[in-house]
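S.K.: Below: sequence and its predicted model.
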Amino acid sequence: MFFTDSVFVGIDPTSSHKSFTYAALDKSMGLIALADGELDDLTAFLAGQPSAVVAVNAPSSPNKGVAQKKKKEMFKSLKSRASGFRLAELQLRERGIAVSGTPSTVSACPAWVQAGFTLYRKLEKMGFKKFPSDDAQYQVLETQPHACYCVLIGNVPQPKPSLEGKLQRQLLLYECGVGIKDPMDFFEEITRHKMLKGLWPLEMLYQPEQLDALIAAYTAWLAFNKPENISMIGDPAEGMIVLPEKLLREKY
């Protein structure tokens, strides 16, 4: 069922100055929110939406040892380290996409991962169902921002804190149709005088955590509106990662 007033929200829990950074897109991919907030701020925003699809940049479950149990040839090179990764994470690493693993206990997980677990529990209490759920007005899915950029670009992007990395990610989002500032305008603001003075128009570029929230929001939009253009990897027992590309390469 298609809800015409749905919003598509990407949430990044790795921000250094607030608990969460979130971005929200409308059905036309217009940007309707890009903000930082604590859990209560975020859930208040979501509670005010008539329907929503939320993508979270954090593991949805601790490591349950699925990768260790699956004796697949594709994991031969990482066999000795399989215990430190969920199946989805191992599948990404085998493709050359460097992502961190998820411990088997909540207490051993980094603070941002624990914040993600708290968010998932809160969303479940609010009535969010795991994607895909055809008749649910509120759905939630897990994604991974670095992996999303890799599969859309076709290779590993520049480091996200760098100027090149921010430009690359912002341009990709803009070319995908997300209603954000055109990063090419950044170059129109650069003059010889400004370069000599060190006056770069950095306000025209989004911060790394904002770009990660935006790619998650785009993934939520794509998953709901064009599910034939996404892929899902992992195992339902410990979390499926949704990626905004149907065909995944063997190596990135």
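M.R.: Nice, I can see it.

S.K.: Would you confirm that residue 31 belongs to a strand?
M.R.: Yes - according to DSSP: H, G, I helix; E, B strand; the rest coil, residue 31 belongs to a strand.

S.K.: So it sits against residue 178, correct?
M.R.: Yes - applying CB atoms under 8 Å as the test, residue 31 and residue 178 come out as touching, 7.1 Å apart. C-betas here are computed from N, CA, C, even on glycine.

S.K.: These two: which has the busier surroundings?
M.R.: residue 178 (19 against 16; other CB atoms under 10 Å).

S.K.: between residue 31 and residue 178, what contacts are shared?
M.R.: Shared contacts of residue 31 and residue 178 (CB atoms under 8 Å, 6 or more residues apart in numbering): residue 25.

S.K.: Tell me where the stretch 51-200 of the chain is predicted with low confidence.
M.R.: Applying pLDDT under 70 to the stretch 51-200 of the chain flags residues 71-83.

S.K.: how about the strands in it?
M.R.: With DSSP state E, counting those that start in this stretch as the criterion, the stretch 51-200 of the chain has strands at 52-56, 129-130, 138-142.

S.K.: the inter-axis angle of the first one versus strand 138-142?
M.R.: This means strand 52-56. Relative orientation of strand 52-56 and strand 138-142, computed by axes from the mean of the first three to the mean of the last three CA atoms, to 10 degrees: 20 degrees.

S.K.: Who are the packing partners of strand 52-56?
M.R.: Here strand 52-56 touches strand 7-12, helix 111-125, strand 138-142, helix 208-225, going by 3 or more CB pairs under 8 Å, 6 or more residues apart in numbering; DSSP states H and E.

S.K.: how about a cut-off of 6 Å?
M.R.: Strand 52-56 sits against strand 7-12, strand 138-142, helix 208-225, with contacts defined as 3 or more CB pairs under 6 Å, 6 or more residues apart in numbering; DSSP states H and E.

S.K.: List the residues that contact the residue in the chain sticking out farthest from the centre.
M.R.: Among the C-alpha atoms of the chain, the one most distant from their mean position (CA atoms, centre = their mean) is that of residue 193, at 37.9 Å. By CB atoms under 6 Å, 6 or more residues apart in numbering, no residues touch residue 193.

S.K.: switch to 8 Å and redo it
M.R.: residue 199.

S.K.: if we can go back for a sec, ranking the strands of the stretch 51-200 of the chain by burial, who's on top?
M.R.: Most buried of those, by mean neighbour count (mean count of other CB atoms under 10 Å): strand 52-56, with a mean of 28.

S.K.: would you put the C-alpha positions of that one in PDB?
M.R.: Extracted in PDB, the C-alpha atoms of strand 52-56 (Å, rounded to 0.1, in the frame of the first residue of the first chain):
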ATOM      1  CA  ALA A  52       7.100   7.100   7.800                       C
ATOM      2  CA  VAL A  53       9.800   4.800   6.500                       C
ATOM      3  CA  VAL A  54      13.000   5.100   8.600                       C
ATOM      4  CA  ALA A  55      16.500   4.000   7.800                       C
ATOM      5  CA  VAL A  56      19.000   3.700  10.600                       C
END
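
S.K.: which residues are contacting it?
M.R.: Identification of contacts with strand 52-56 by CB under 8 Å, 6+ apart yields 6-11, 13, 46, 116, 119-120, 123, 128, 131, 137-143, 216-217, 219-221, 223-224, 242.
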